[in-house]
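Student: model the structure of this input:
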Amino acid sequence: MLEAFHRIADEAIRKAQQEGGFDNLEGAGRPLRLEDDSMIPPDLRMAYKILKNADCLPPELETRKDISNALELLETMEDEQERYRQIQKLNLLISNLNAKRGRSMALEENDDYYRRLVERITVRGKAKGTDQDR
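Tutor: Coordinates of the predicted model:
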């Protein structure tokens, strides 16, 4: 059955080639832009490709986006109880990301993401403390 399908497909391709169906294709003669998916585990590549074609982010990137949004929201919060809840949410998001990845998010002192995270929280905390002192 599969062999018959391959034969029919090959015939259709040969016929289209002979009739010039591939002569004026967009991008003809230019190199293909292949995506680098070497960092994606082989068993997840097809799923990630489907997600990308559907304009969806892979779960890990969606969680990182949520972390970034939580950080931005945390920056603008005035109420200390809300800030505390947002920090708890941020901790949960980071924990979930670590669990999904099976390893830590590498929040180490030399990590750029870690530095930005600490800077945002510290700068916001200092600004809040300064306002209270007045």
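Student: three-state assignment of Pro31?
Tutor: When classified by DSSP: H, G, I helix; E, B strand; the rest coil, Pro31 comes out as coil.
Student: separation between it and Asn24?
Tutor: For Pro31, the distance to Asn24 equals 18 Å [C-beta to C-beta, to the nearest Å]. Heads up, the C-betas are built off the backbone N, CA and C, glycines and all.
Student: strands of this protein, start to end?
Tutor: Counting by DSSP state E, the chain forms no strands at all.
Student: which stretches of it have low pLDDT?
Tutor: Residue ranges of the chain with pLDDT under 70: 101-134.
Student: my read: Asp37 touches Met46, true?
Tutor: No - Asp37 is beyond contact range of Met46, at 9.9 Å (criterion: C-beta atoms under 8 Å).
Student: and these two? which has more neighbours close in?
Tutor: Asp37 (14 against 11; other C-beta atoms under 10 Å).
Student: quick one: contacts for that one?
Tutor: Taking C-beta atoms under 8 Å, 6 or more residues apart in numbering, we find Asp37 in contact with Arg45, Tyr48, Lys49.
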